[in-house]
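Student: How does the following fold in three dimensions:
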Amino acid sequence: MVLCTGNSCRSQIAEGYLKYFAGEKAAVYSAGVETHGVNPRAIATMAEDGIDISGHTSNNITEYRDIPFDYVITVCDNAKERCPFFPSTAQKFHENFPDPAKATGTEDEIMQQFRAVRQIIKDYTQSFVATHL
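Tutor: Numbers count the residues shown, from 1 in each chain. This is a model prediction of the structure:
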């Protein structure tokens, strides 16, 4: 489970890469403590790297209450602080990735920030899969 505040950017990107790198080794989910919809720029930046997340949905963590996760990865400090208690033995991991949705500037400058965060998340998820799966 990848958890973020609104399940719109960072968690969606991480879900896409975790699915890509893990293949059949894991069932991957993402959710938010709120739902903000999947950010179109997250979809676009992932498409640039050959990963289609256009069919992803923005889900609330409460939808997955009954799934016994092995891992919960929070990708922002806000989600870590607001993450509801799960009665499980899931190992918890935390990485506070920059929020590309807060990027400002021209469209090109904003997309550059999305690409930079995408690369950070790509590196993290590739390492995570190699280490834990």
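
Student: remind me, longest helix of the protein?
Tutor: Looking across the chain with DSSP state H, the single longest helix is helix 107-132.

Student: Could you tell me how far it lies from the centre of the chain?
Tutor: 10 Å (C-alpha atoms, centre = their mean, to the nearest Å).

Student: Could you tell me the average pLDDT over that helix, please?
Tutor: Averaged over helix 107-132, pLDDT sits at 98.

Student: tell me which residues in it are buried?
Tutor: 110-111, 113-115, 117-118, 120-122, 124-125, 128-129 (16 or more other C-beta atoms under 10 Å). In short, each C-beta sits where N, CA and C put it, glycine included.

Student: Could you do stretch 21-41 as well?
Tutor: Buried, per 16+ other C-beta under 10 Å, within stretch 21-41: 21-22, 28-35, 38-39, 41.

Student: all strands of this protein, in order?
Tutor: 2-4, 30-32, 71-74, 91-94 (DSSP state E).

Student: Comparing those, which comes out most buried?
Tutor: Among the strands of the chain, the stretch with the highest mean neighbour count (mean count of other C-beta atoms under 10 Å) is strand 2-4, at a mean of 28.

Student: Any idea which helix or strand in this protein has the lowest mean pLDDT?
Tutor: Lowest on mean pLDDT, DSSP states H and E among the helices and strands of the chain sits helix 77-82, with a mean of 70.

Student: which intervals of this protein have sub-threshold pLDDT?
Tutor: 79-87 (pLDDT under 70).

Student: which residue of it sits farthest from its center?
Tutor: Most distant residue from the mean C-alpha position of the chain: residue 106, 24.6 Å away (C-alpha atoms, centre = their mean).

Student: Could you tell me the end-to-end distance of stretch 53-64?
Tutor: 20 Å (C-alpha to C-alpha, to the nearest Å).

Student: mind listing what's buried in it?
Tutor: Applying 16+ other C-beta under 10 Å to stretch 53-64 flags 53, 56, 58, 61, 64 as buried.

Student: Now the third one, what are its backbone angles?
Tutor: When read as degrees, to the nearest 10, the backbone of residue 58 gives phi -90, psi 120.

Student: Can we start the residue count at 34 from this point?
Tutor: New numbering, starting at 34: the last item is residue 91.
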